[in-house]
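> got a predicted structure plus its sequence, pasted below:
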Amino acid sequence: MESKIRAVGKMTQVEELRRDQIGAQLESMRHQSEHLCAQLEALSELKSRNYQGATKTCSVGLMNLNLADQMLQKMLVHHQQEQAVMEAQCQSVQKQLQQKAARVQGLEQVLERWNKKQSYEKAKREQKIIEDIINARFKRRSL
């Protein structure tokens, strides 16, 4: 039983380490996602300002404005897609983190249950030894 308890203790430590690593990975991904959101907002603002700044119009200016608008639109679409991928990855890592946390909790419960069982068996053995000692003394007196 002692070896089982040690093994479960080690497994718990390993799972806690993995859980912590996944938590750090999730935090990093959240920071990246926030950065992408900020970039997306900046690009959207730049695109809206691009039209506001074009008061004078000439053919070259309109062509430049049109090219800049196309480039900004492509960047916006790319960032939106990248943000969607990051959100999906974050959700996946969040699920992994929840699974690891549940596994750690399960292992801790098993460890606690086995420790209680071991202490119960130890107390039962001690009680049996005490009863045997008392019975042996009682038998000596009767002889």
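Noted; the coordinates are in hand. Remember, it's a predicted structure, so these values are computed and weren't measured experimentally.
> could you use CA atoms for every contact and neighbour count after this?
Noted.
> what residues are up against the residue nearest the centre of the chain?
The C-alpha lying nearest the average C-alpha coordinate of the chain belongs to L97 (CA atoms, centre = their mean; 2.9 Å). Residues in contact with L97, defined by CA atoms under 8 Å, 6 or more residues apart in numbering, are 19, 22-23.
> R19 too?
Under the criterion of CA under 8 Å, 6+ apart, the contact list for R19 reads 97, 100-101.
> how near is it to Q25?
In this structure, R19 and Q25 are separated by 10 Å, where distance is defined by CA to CA, to the nearest Å.
> next one: I130
Distance, I130 to Q25, using CA to CA: 56 Å.
> the more surrounded of those two?
Summary of the neighbour comparison: I130 and Q25, criterion other CA atoms under 10 Å, with Q25 having more neighbours (16 against 12).
> which residue is the nearest non-sequential neighbour of the more buried one?
In this structure, Q25 finds its nearest non-sequential neighbour in V93, 7.8 Å apart by CA to CA, 6 or more residues apart in numbering.
> just the element for that neighbour, please.
With the criterion set as DSSP states H and E, the secondary-structure element containing V93 is helix 59-142.
> okay but Q80 is in contact with L40, surely?
Yes - with contact defined as CA atoms under 8 Å, Q80 reaches L40; the gap is 7.2 Å.
> more neighbours, the two?
Neighbours were counted for Q80 and for L40 using other CA under 10 Å; L40 has more, 19 against 16.
> show me what contacts the more buried one?
L40 touches 76, 79-80, counting by CA under 8 Å, 6+ apart.
> pLDDT weak spots in this protein?
For the chain, the stretches flagged by pLDDT under 70 are 50-63, 142-143.
> switch to 80 and redo it
1-2, 4-5, 40, 43-69, 141-143 (pLDDT under 80).
> still on that earlier bit, what's near enough to touch the residue nearest to Q25?
Under the criterion of CA under 8 Å, 6+ apart, the neighbours of V93 are 22, 25-26.
> tell me which entries of those lie within helices.
Where the contacts of V93 overlap with helices, as defined by DSSP state H, the overlap consists of 22, 25-26.
> distance to R125 added to those residues, as a markdown table?
As requested, the ones in helices among the contacts of V93 are exported to a markdown table (distance: CA to CA, whole Å):
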| residue | distance to R125 |
| --- | --- |
| I22 | 44 |
| Q25 | 48 |
| L26 | 49 |
